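[1] Predicted model follows, preceded by the sequence.
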Amino acid sequence: MSNPGDLGKVAVLMGGRSAEREISLRSGNMVLAALQRKGIDARAFDPRDQGFEQLQTQRFNRVFIALHGRFGEDGTVQGALEVMGIPYTGSGVMASALAMDKWRTKLVWLASGIATPAYEMLTADSQAADVTARLGLPLMVKPAHEGSSIGITKVESIEKFDAAYELAAKHDGSVIAEQFIAGREVTAAILNDQALPLVRIEAPQGNYDYHNKYFGEATKYHCPSGLPAALEVRIQQEALAAFRVLGCQGWGRLDVMLDAKDQPWFLEMNTVPGMTDHSLVPMAARASGVPFDDVVVQILEAAHVG
Ligand SMILES: Nc1ncnc2c1ncn2[C@@H]1O[C@H](COP(=O)(O)OP(=O)(O)O)[C@@H](O)[C@H]1O
Ligand SMILES: [Mg+2]
C-alpha cells in the first residue's frame with residue numbers, strides 16, 4: 001500500500017438522496033472506519049447535507065464514492081468530480097450512467113455477445129397475455145433504474161402482471177419484463193480490473209428480494225462457490241468481458257443467474273456495490289486473501305479523473 005499520507009484528505013461520500021440511502025450509510029461508515037484504521041485522513045461527506053462545492057472549499061484530495069443508486073452511482077456525481085478535478089473511485093461518467101440503466105446495459109451486452117435474459121420494455125398499454133406468451137411465466141418485472149431489489153416482482157401468474165407493472169412504474173418511468181432464469185445464482189466481484197472468486201447465493205425459495213438481501217438471516221452465501229473449476233473460470237472471464245464492454249473501471253459486481261445447463265445469464269452491473277463487512281465484494285476478496293481494510297485501500301488507490 002502507498003503511504004497513508006500520500007492519499008491526502010479523503011471524503012467518503014455516503015447517504016445521499018436515493019432510495020438506497022440507508023444501505024449507502026452502512027457501506028460508507030464501514031469504508032470510513034477501514035480507511036481510518038489504515039491511518040488515512042478520511043471524513044464522512046453526505047451530499048444530502050453538504051453541497052459538492054464543499055469538497056473543493058474543504059480541500060479534499062480524493063473521494064471514495066459509497067453512494068448507491070441515483071445521484072451517486074449513476075454518473076452525476078462522477079461528472080461533478082470530473083469538473084472539479086478531484087480523483088474518485090470506480091467507474092467514470094459514461095459507464096456509471098450506462099450500468100445504472102438495466103435496459104441500455106442489456107442492449108450493449110446483446111450487441112457484444114454477452115448473454116442476458118430475453119426481455120421487453122413495458123408501457124401502460126402492455127398486455128399481460130401478450131408479454132407472458134412471449135417471455136413465459138414466471139417472469140421478472142423491474143424498474144430499469146433502481147437497485148437493491150426495490151420495485152421488483154417475480155410474476156408467477158398472469159393475474160399478478162398488472163400490479164407488478166404498477167409497482168415498478170411507481171419507481172421508474174422505464175419498466176422491464178424479463179424472462180425468469182430458474183437455477184443457481186452467483187455474483188462476480190471485480191477488483192483492480194480482475195475477477196475475484198464467485199460468490200454463490202442461496203436465498204430462501206430462491207427469492208433474493210430486498211428483505212433477504214439485507215435483513216433476513218436465511219440467505220446463505222458460498223465462497224468458494226462450489227461450482228466446477230472450469231465453469232467458475234468461464235463465468236469469471238465472461239464477467240470481466242461484461243464489465244469491460246460497459247467501460248467500467250476499478251471495481252464492481254455483476255449479478256448472474258445460471259440455468260439448468262449451467263449457461264450464465266448476466267442480469268446487471270453494479271458499479272458501487274455494497275461495502276459492509278457482510279457485503280459480497282469484501283467476501284470474495286477475503287476468499288482470495290485480501291482483508292476488508294485492504295480492499296477499501298486498493299479501491300481508493302485506483303481513484304482517477306478521466
Ligand atoms: N431474470 C431473472 N431470473 C431469475 N432471477 C432474477 C432475474 N432477475 C432478477 N432476479 C432475482 O432478483 C434479484 C434482483 O435483481 P437485479 O436485476 O439484480 O436487480 P437489483 O438492482 O435490484 O439488484 C437478483 O439477485 C435475482 O435473485
Ligand atoms: Mg442485483
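    The structure has been received and is ready for your questions. In this text, all values refer to a predicted model and were calculated from it rather than measured experimentally. Residues are numbered from 1 along each chain as shown. Ligands and ions are numbered 1, 2, ... in the order given.
[2] and the chain, what are its domains?
    4-90, 99-115+182-295, 119-179 (automatic domain parsing).
[3] I'd like to know which of those domains lies nearest to Gly306.
    domain 4-90 (7.0 Å; Cβ to Cβ). The C-beta positions use only the backbone N, C-alpha and C, and glycine is treated the same way.
[4] coming back round to it: dump the domains of the chain to a markdown table, plus mean neighbour count, distance to Val305 and mean pLDDT.
    Converted to a markdown table, the domains of the chain look like this (neighbours: other Cβ atoms under 10 Å; distance: least, Cβ to Cβ, whole Å; pLDDT from 0 to 100):
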| stretch | mean neighbour count | distance to Val305 | mean pLDDT |
| --- | --- | --- | --- |
| domain 4-90 | 20 | 5 | 95 |
| domain 99-115+182-295 | 18 | 11 | 94 |
| domain 119-179 | 17 | 25 | 93 |
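[5] Go through the ones you listed and name the closest to Ala303.
    The nearest among the domains of the chain, by Cβ to Cβ, is domain 4-90 at 4.0 Å.
[6] The closest one near ligand 1 anywhere?
    No. Counting by Cβ under 6 Å from any ligand atom, ligand 1 has no neighbours in domain 4-90; the shortest distance is 9.0 Å.
[7] And that domain, end to end?
    Start-to-end span of domain 4-90 (Cα to Cα, to the nearest Å) is 19 Å.
[8] swap in stretch 44-51?
    End-to-end distance of stretch 44-51: 13 Å, with Cα to Cα as the criterion.
[9] Say whether ligand 1 is contacted by the helix or strand where Leu240 lies.
    Using DSSP states H and E, Leu240 falls within helix 229-245. No. Applying Cβ under 6 Å from any ligand atom, one finds helix 229-245 separated from ligand 1 by no less than 13.3 Å.
[10] Any chance you could list what contacts that helix?
    Contact partners of helix 229-245, identified using Cβ atoms under 8 Å, 6 or more residues apart in numbering, comprise 108-109, 112, 114-115, 186, 188, 190, 193-195, 197-198, 225, 227, 252, 254, 256, 258, 262, 264, 266, 269.
[11] backbone phi and psi for Ile176, please?
    phi -110, psi 140 (degrees, to the nearest 10).
[12] nope, Pro228 is what I meant
    Taking degrees, to the nearest 10 as the convention, Pro228 sits at phi -60, psi 140.
[13] In the stretch 201-306 of the chain, what residue comes closest to ligand 1?
    In the stretch 201-306 of the chain, the residue that lies nearest ligand 1 is Tyr208 (3.3 Å; Cβ to the nearest ligand atom).
[14] Now do the SS call for Gly252.
    strand (DSSP: H, G, I helix; E, B strand; the rest coil).
[15] ditto for Leu98
    At Leu98 the chain is in helix, as set by three-state DSSP.
[16] about what we covered before: and Ala302, which of the domains of the chain is closest to it?
    For those, the distance to Ala302 is smallest for domain 99-115+182-295, at 4.7 Å, taking Cβ to Cβ.
[17] follow-up on the earlier one: is the nearest residue to the residue of the stretch 201-306 of the chain closest to ligand 1 once chain neighbours are set aside bridged to anything, and to what?
    Closest residue to Tyr208 apart from its sequence neighbours, by Cβ to Cβ, 6 or more residues apart in numbering: Ile201 at 5.9 Å. Beta-bridge partners recorded for Ile201 (DSSP bridges): Glu185, Tyr221.
[18] Tell me who's in contact with Ile201.
    Per Cβ under 8 Å, 6+ apart, neighbours of Ile201: Glu185, Val186, Thr187, Tyr208, Thr219, Lys220, Tyr221, His222, Leu280.
[19] Let me see the residues that make contact with the host helix or strand of Glu22.
    Element membership for Glu22 (DSSP H and E) is helix 21-37. With Cβ under 8 Å, 6+ apart as the test, helix 21-37 has contacts from 10, 12-16, 18, 42-44, 48, 64, 66-69, 72, 148, 214, 274-277, 279, 292-293, 296-297, 300.
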